[in-house]
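# Provided below are the primary sequence and the corresponding predicted coordinates.
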Amino acid sequence: MGCVSTVVHVGGSHVLGIIPTALAEGNFAGKTIGEELRVPTMQDRIWKILDNSDAFIALSGDIGTLEKIFQIAYWAQLNIHHKPIGLLNVDGRIPAVLGIYSINVVHSALLH
C-alpha cells in the first residue's frame, strides 16, 4: 500500500489511508502518505473506503485483500454501488482465485 499511495500522492491525487483503531495502536499507524482516518472497526473501514472511493483496484495480496475485493464485488452485484473494480495480477496468484469466482458467477447466472 505504501508504494501505491506514494506514487498516487506524487502524481497529485488525494490519498486517504483508513485504519481501524486496533491496527492504529500497532506498527501500522502514521505510515500513510497523505491523510489518515482512524475508524473503530474493520467493518467501519470498508464502509469508509466505499464512501471515499471512485473505483477499486486490488493487487495480489493476502486473505484480507481478497476478502475486501470480494466484498466490494458482492456489493456491486447487489447494486449497493456502481464503481469500477479492477484486479492487478502482479505475481500470477489472481487467476486461481478468479477460477473459483467465475465458476460461482456462471452457476449463479444459471440459477436465475
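Right, received. Where do you want to start?
# Show me the shaky parts of this structure.
Counting by pLDDT under 70, the chain shows low-confidence ranges at 1, 26-32, 93-112.
# what about the helices in it?
Ranges of helices in the chain, per DSSP state H, are 2-10, 21-24, 42-52, 63-77, 94-111.
# Same question for the fourth one: list its buried residues.
Neighbour-count burial for helix 63-77 flags 66, 68-69, 72-73, 75 (criterion: 16 or more other C-beta atoms under 10 Å). Where you see a C-beta, it was placed from the backbone N, CA and C, and this is true even at glycine.
# farthest pair in the residues you listed?
Leu66 and Trp75 (14.9 Å; C-beta to C-beta).
# Okay, and the beta partners of Val39?
Beta-bridge partners for Val39, by DSSP bridges, are Pro20.
# distance of it from Gln71?
Distance from Val39 to Gln71, counting by C-beta to C-beta, to the nearest Å: 15 Å.
# Count the residues that sit near Gly11.
By other C-beta atoms under 10 Å, 8 other residues sit near Gly11.
# Roughly how far does it sit from Gly17?
Per C-beta to C-beta, Gly11 is found 16 Å from Gly17.
# Which residue, other than its chain neighbours, is closest to His81?
Counting by C-beta to C-beta, 6 or more residues apart in numbering, His81 lies nearest to Trp75, which is 5.7 Å off, once chain neighbours are set aside.
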